[in-house]
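S.K.: can't give you the sequence, but here's the structure:
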């Protein structure tokens, strides 16, 4: 029989961990002195401890390891657990590979520009939300009219937006003087439709390449260029209409240099 310290030294597992395994029933001592409370382990327990360590190395939880060691699972259930872990690890590897690609692209960008980029691109999930919106094919000047139409309608109802307004742009190619645009405002609760104003759920975007543009809208072209360059360099392709979130937009007395716009571009791996 080995004292817990000796068992710890031979197995290279800390005393704290052995005590925890005892608490959760994963590896209980062979004997416990009823007077001193000292734990004693036998040599026959080394194989079970090694199985615990081997399964833990595969990334299984201690609860899953306990189920496997107790023998209460069928072979199909055991295969199911291991296949789930296999799929989880593959997903983690894919995510880390994508992160590695982004690091490499960032290094190239810094080397080319000899400075950190001033605009950052991140991949994010955009949740679904309920919006009131108006859509039309308009000129650039007509976009402002769509804003006026939408917010005028909400104002008549005594309602305000539940978040920053959004512009959704559907054109797949440039058409001078004809922009297929939808101007939307997130809304809460039940909002009636009226005239050209529709109320619907704006779908979630699983992966959006997001960049922040600071300043006047006339200068947004450079930010779009940075975003598209990043998308191409990191192996993505466009997978949906562009969204602009007007975090801090046009208001009386606000200088255009203070505008803040988030550009969200739905993407998927190419």
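M.R.: Perfect, I can see it now. Predicted model, so just to flag it, every value in this text is computed and none were measured.
S.K.: out of everything not next to it in sequence, what's closest to residue 42?
M.R.: residue 30 (4.2 Å; C-beta to C-beta, 6 or more residues apart in numbering). Placement of C-beta: from N, CA and C, glycine included.
S.K.: what's that neighbour in contact with, if anything?
M.R.: For residue 30, the contact set (C-beta atoms under 8 Å, 6 or more residues apart in numbering) comprises 1, 40, 41, 42, 44, 45.
S.K.: Surely the fourth one touches residue 2?
M.R.: Yes. Here residue 42 lies in contact with residue 2, judged by C-beta atoms under 8 Å, at a distance of 7.4 Å.
S.K.: When the two are compared, which one has more neighbours?
M.R.: residue 2 (19 against 12; other C-beta atoms under 10 Å).
S.K.: how near is the more buried one to residue 39?
M.R.: Residue 2 sits 9 Å away from residue 39, taking C-beta to C-beta, to the nearest Å as the criterion.
S.K.: need the strands for the stretch 51-200 of the chain, in chain order.
M.R.: Applying DSSP state E, counting those that start in this stretch to the stretch 51-200 of the chain gives strands spanning 121-126, 129-138, 166-169, 179-186, 198-202.
S.K.: Among those strands, show me which one is buried the most.
M.R.: For the strands of the stretch 51-200 of the chain, the largest average neighbour count (mean count of other C-beta atoms under 10 Å) is found in strand 179-186, namely a mean of 21.
S.K.: which secondary structure elements does it contact?
M.R.: For strand 179-186, the packing partners by 3 or more C-beta pairs under 8 Å, 6 or more residues apart in numbering; DSSP states H and E come out as strand 129-138, helix 140-156, strand 166-169.
S.K.: In JSON lines, list those along with distance to residue 122 and mean pLDDT.
M.R.: Shown next, in JSON lines, are those (distance: least, C-beta to C-beta, whole Å; pLDDT from 0 to 100):
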{"stretch": "strand 129-138", "distance to residue 122": "19", "mean pLDDT": "96"}
{"stretch": "helix 140-156", "distance to residue 122": "26", "mean pLDDT": "93"}
{"stretch": "strand 166-169", "distance to residue 122": "18", "mean pLDDT": "96"}
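S.K.: got CSV for those, with distance to residue 76 too?
M.R.: Formatted as CSV, the helices and strands packed on strand 179-186 follow (distance: least, C-beta to C-beta, whole Å):
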stretch, distance to residue 76
strand 129-138, 42
helix 140-156, 56
strand 166-169, 47
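S.K.: Can you say which of these is nearest to residue 255?
M.R.: Set against residue 255 and scored by C-beta to C-beta, the helices and strands packed on strand 179-186 come closest in helix 140-156, at 17.4 Å.
S.K.: Summarise which helices and strands the closest one is packed against.
M.R.: If contacts are counted by 3+ C-beta pairs under 8 Å, 6+ apart, helix 140-156 sits against strand 129-138, strand 179-186.
S.K.: Of all those, which one is nearest residue 218?
M.R.: strand 179-186 (15.3 Å).
S.K.: JSON lines for the helices and strands packed on helix 140-156, including distance to residue 6?
M.R.: What follows is the helices and strands packed on helix 140-156, written out as JSON lines (distance: least, C-beta to C-beta, whole Å):
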{"stretch": "strand 129-138", "distance to residue 6": "61"}
{"stretch": "strand 179-186", "distance to residue 6": "64"}
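S.K.: Nearest to residue 214, out of the ones you listed?
M.R.: Closest approach to residue 214 among the helices and strands packed on helix 140-156 (C-beta to C-beta): strand 179-186, 21.1 Å.
S.K.: where does the stretch 51-200 of the chain have low pLDDT?
M.R.: By pLDDT under 70, the low-scoring segments of the stretch 51-200 of the chain are 72-73, 109, 112-118, 174.
S.K.: follow-up on the earlier one: and the two most separated of the contacts of residue 30?
M.R.: Applying C-beta to C-beta across these, the maximum distance is between 40 and 44, 12.3 Å.
S.K.: Compare the two (neighbour count), which wins?
M.R.: More neighbours surround residue 40 than the other of residue 40 and residue 44, with 15 against 8 (other C-beta under 10 Å).
S.K.: Are we agreed that that one is in a strand?
M.R.: Yes. The assignment for residue 40, made by DSSP: H, G, I helix; E, B strand; the rest coil, places it in a strand.
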